[in-house]
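**Q** how would this look folded up:
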Amino acid sequence: MASTNKISRATPPGREERRRALRALDPHLETAGVWLVVPCYRVRGKILDVIAKTPAWVEGIVCVDDACPENSGDFIEAESRDPRVVVVRLAQNQGVGGATLAGYAEAAARGAQVLVKVDGDDQMDMGYIAHLVAPILLGEADYAKGNRFTSISHLAQMPAVRVFGNAALSFAAKLSTGYWNIFDPTNGYTAMEAQVARMIMEKRVSRRFFFETDLLYHLGTLRAVVRDVPMPARYADEVSNLRIGAIVGPFALKHVRNFFQRVLGQYFVRDFNAASLELLFGLVLTLFGVGYAAHYIATPHNGQAASAGVVMAAALPVILGVQLLLQAMNFDVLNVPNRPIHPYLRTIARMEAEEKLP
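**A** Prediction:
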């Protein structure tokens, strides 16, 4: 159960003037409804900096106290002077995913249309909020996320072990989510359209460290469009709660689970197309060739070499099967969603709202 409190204080001098000037440059900002969602757990020393750096055109800031042992919710209420801040308290720790979803729900209930998630450790450059929000406001994407791998210079501050780990996780995420056009899946600097977020909140998204990747998997089931936004990596004196050795095994199992669920749902339940046939025949031929070869090797032949016919009976099905599987993968790569769904969802929401009017 979550509780909320609104911090009500006088608007800092000049803030409204700056906001009006910014909105005069772009009228869309007047009704953009951009809200910030900040999960808070052991970030007491940084959270006020995050709030202070939030752009003036952001309408609200939801800080989620995820049962923080530092009582970050009380600290924010006592120290923050920003009238946009809303504090949500969770009775039990739910992890970054649970805290983010709770923040989404609160912001959406208050009229948010675009939800930007940032961490409370001041590791994310707040200047990139506009870069994340722009594709959604322009109707080009339903979800935008940071990508630290678009330039070698962006990786200058990232430890080598993290570069290798993120590269491996990125390829695994491409397979399990179907978003072959994105990289850096664990990047937590994201923006999502509110109608899409409402649908995501109805799904069983992982609440802990697998949250960002599992979120991509569920976005894929909705055929939502995801856009990568280039940004540099930033590392300071923050301490990560993530232990690599403890998550490698669970992450691998979850990727395998999501991959099979995605392939089954996308190519055999919701649709049946050329890739479905390529997968079926590719698997059958490959398994037959490998099985035939294994059976021949396991059977005694008194030292006689295998004949050309036996070799071809094993090799040809494998060759054809692998080619069919590669063709299926090529189809999957080209099948990445490219038409945003949030304009459709917003239209439906408006029509349903009008039906309820007296």
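**Q** Tell me the first helix or strand C-terminal of the strand or helix carrying L287.
**A** Taking DSSP states H and E as the definition, L287 sits inside helix 274-298. Next helix or strand after helix 274-298 toward the C-terminus (DSSP H and E): helix 308-334.
**Q** Check which residues of the helix holding L287 are buried.
**A** Residues of helix 274-298 classed as buried by neighbour count (16 or more other CB atoms under 10 Å): A275, S276, E278, L279, F281, G282, L285, T286, F288, G289, Y292, A293. C-beta coordinates here come from the backbone N, C-alpha and C atoms, glycine included.
**Q** need the contact list for the nearest residue to Q94 once chain neighbours are set aside.
**A** Spatial nearest neighbour of Q94, excluding adjacent residues (CB to CB, 6 or more residues apart in numbering): R207 at 5.4 Å. When contacts are counted by CB atoms under 8 Å, 6 or more residues apart in numbering, R207 is found next to Q94, G95, V96, G97, G98, L101.
**Q** what residues are up against the third one?
**A** Neighbour list for V96: P39, Y41, D66, G188, R207, R208, F209, F211 [criterion: CB under 8 Å, 6+ apart].
**Q** Which pLDDT value does the model give the nearest residue to V43 once chain neighbours are set aside?
**A** Residue nearest to V43 in three dimensions, not counting chain neighbours: G120, with 3.6 Å by CB to CB, 6+ apart. Listed pLDDT for G120 reads 91.
**Q** Can you tell me the SS state at G120?
**A** At G120, secondary structure determined by DSSP: H, G, I helix; E, B strand; the rest coil is coil.
**Q** With the one 4 residues further on instead?
**A** Judged by three-state DSSP, the three-state class of M124 is coil.
**Q** Quick check: phi and psi on it?
**A** phi -100, psi 130 (degrees, to the nearest 10).
**Q** wait, what's in contact with it?
**A** V118, G146, G188, Y189, R234.
**Q** Tell me the one of the residues you listed nearest T299?
**A** Looking at these and their distance to T299, the nearest is G188, at 54.7 Å (CB to CB).
**Q** what's the neighbour count on the residue lying closest to Y189 once chain neighbours are set aside?
**A** Excluding its sequence neighbours, the residue lying closest to Y189 (CB to CB, 6+ apart) is G146, at 3.9 Å. G146 has 25 neighbouring residues, counting by other CB atoms under 10 Å.
**Q** got it, and E79?
**A** By other CB under 10 Å, the residues close to E79 number 12.
**Q** Read off the pLDDT value for it.
**A** 92.
**Q** Spatially nearest residue to it (excluding sequence neighbours)?
**A** Spatially, and ignoring its direct neighbours in sequence, E79 is nearest to L48 (5.9 Å; CB to CB, 6+ apart).
**Q** CA atoms only: put whatever helix or strand the one you found lives in into CSV for me.
**A** Using DSSP H and E, the element containing L48 is helix 47-52. Extracted in CSV, the C-alpha atoms of helix 47-52 (Å, rounded to 0.1, in the frame of the first residue of the first chain):
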residue,chain,number,x,y,z
ILE,A,47,17.9,13.5,-4.3
LEU,A,48,17.7,17.2,-3.6
ASP,A,49,20.2,17.8,-6.4
VAL,A,50,18.0,15.7,-8.8
ILE,A,51,14.9,17.8,-7.9
ALA,A,52,16.8,21.1,-8.3
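**Q** Note down every partner strand of the helix or strand just after it and its orientation.
**A** Downstream of helix 47-52, the first helix or strand assigned by DSSP H and E is strand 60-65. Looking at strand 60-65 with DSSP bridges, its partner strands are strand 34-40 (parallel), strand 85-90 (parallel).
**Q** Strands of the stretch 101-250 of the chain, start to end?
**A** Ranges of strands in the stretch 101-250 of the chain, per DSSP state E, counting those that start in this stretch, are 114-117, 143-147, 190-193, 226-230.
**Q** Look at the residue nearest to Q94 and report its pLDDT.
**A** 88.
**Q** repeat for T186
**A** As summarised for this prediction, T186 has a pLDDT of 86.
**Q** ok, for it, nearest residue in space, not its chain neighbours?
**A** In space, T186 comes closest to E212 once its chain neighbours are excluded; the distance is 5.3 Å by CB to CB, 6+ apart.
**Q** what's the neighbour count on the one you found?
**A** E212 has 23 nearby residues by other CB under 10 Å.
**Q** Y189 versus that one, what's the distance?
**A** Here the criterion is CB to CB, to the nearest Å. By it, E212 lies 10 Å from Y189.
**Q** Quick check: neighbours shared by these two?
**A** K145.
**Q** Quick check, A130 in contact with V58.
**A** No: contact status for A130 versus V58: not in contact, 9.8 Å apart, counting by CB atoms under 8 Å.
**Q** Those two: which is more packed in?
**A** Using other CB under 10 Å as the criterion, A130 and V58 rank with V58 on top: 23 against 17.
**Q** Just to check, N187 is in contact with A144?
**A** No: N187 lies out of contact with A144 (CB under 8 Å); the separation is 10.5 Å.
**Q** domain assignment for this protein?
**A** With domains defined by automatic domain parsing, the chain comprises 2-264, 272-355.
**Q** ranking these by burial, who's on top?
**A** Compared across the domains of the chain, domain 2-264 shows the largest average neighbour count, a mean of 18 (mean count of other CB atoms under 10 Å).
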